[in-house]
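Undergrad: My questions are about this predicted structure, shown below with the sequence.
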Amino acid sequence: MQQPSERQVVAVHFDSEPGAAVQRHLLVRIEHVYSRLAPTHAGRPVDEITDEMLARLRSLGVNVLPRQIEPYARSLSSMRPTSAA
């Protein structure tokens, strides 16, 4: 049995690289906004979707560049609009 002074300390790493947790956090926020806009903004112009996504992300404390959001906006723009029930 080891004495308390002889115990080894094991290093624990939660992230594979610096900033990985922040990147995951940003992606979760972006996906959340994307899923909220999908029913109402599908088929709309890319610029309109980009502006709305940026506004909603900023309200969540996420400040990204428009070019980082444009792929999501293009994807949403290419979807068929849902019919209003």
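TA: Thanks, I have it. If you're wondering where the values come from, they're calculated on a predicted model, not measured in any experiment. Numbers count the residues shown, from 1 in each chain.
Undergrad: Tell me the secondary structure at N63.
TA: Secondary structure, DSSP: H, G, I helix; E, B strand; the rest coil: N63 is coil.
Undergrad: Dump stretch 76-85 to PDB, keeping only the CA atoms.
TA: Presented in PDB, the C-alpha positions along stretch 76-85 are these (Å, rounded to 0.1, in the frame of the first residue of the first chain):
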ATOM      1  CA  LEU A  76     -31.400  27.300 -45.300                       C
ATOM      2  CA  SER A  77     -32.100  29.400 -48.500                       C
ATOM      3  CA  SER A  78     -32.000  26.300 -50.700                       C
ATOM      4  CA  MET A  79     -34.600  24.500 -48.600                       C
ATOM      5  CA  ARG A  80     -38.200  24.500 -49.700                       C
ATOM      6  CA  PRO A  81     -40.400  26.900 -47.700                       C
ATOM      7  CA  THR A  82     -42.800  25.200 -45.400                       C
ATOM      8  CA  SER A  83     -46.500  26.000 -45.900                       C
ATOM      9  CA  ALA A  84     -48.100  28.100 -43.200                       C
ATOM     10  CA  ALA A  85     -50.700  26.000 -41.400                       C
END
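Undergrad: mean confidence for it?
TA: What stretch 76-85 shows for mean pLDDT is 78.
Undergrad: In three-state terms, label A21 for me.
TA: Of the three states, A21 takes helix under three-state DSSP.
Undergrad: Also G43?
TA: Here G43 is recorded as coil under three-state DSSP.
Undergrad: check contacts around it.
TA: By Cβ atoms under 8 Å, 6 or more residues apart in numbering, G43 lies in contact with S77, M79, R80, P81. All C-beta atoms are positioned from the backbone trio N, CA, C, and that covers glycine.
Undergrad: pretty sure the third one is touching R44, no?
TA: No. When contacts are counted by Cβ atoms under 8 Å, R80 is not listed as touching R44 (11.5 Å).
Undergrad: Please identify which of the two sits among more neighbours.
TA: Taking neighbours as other Cβ atoms under 10 Å, R80 and R44 compare with R44 leading, 16 against 7.
Undergrad: excluding its backbone neighbours, what's nearest that one?
TA: Excluding its sequence neighbours, the residue lying closest to R44 (Cβ to Cβ, 6 or more residues apart in numbering) is S77, at 6.2 Å.
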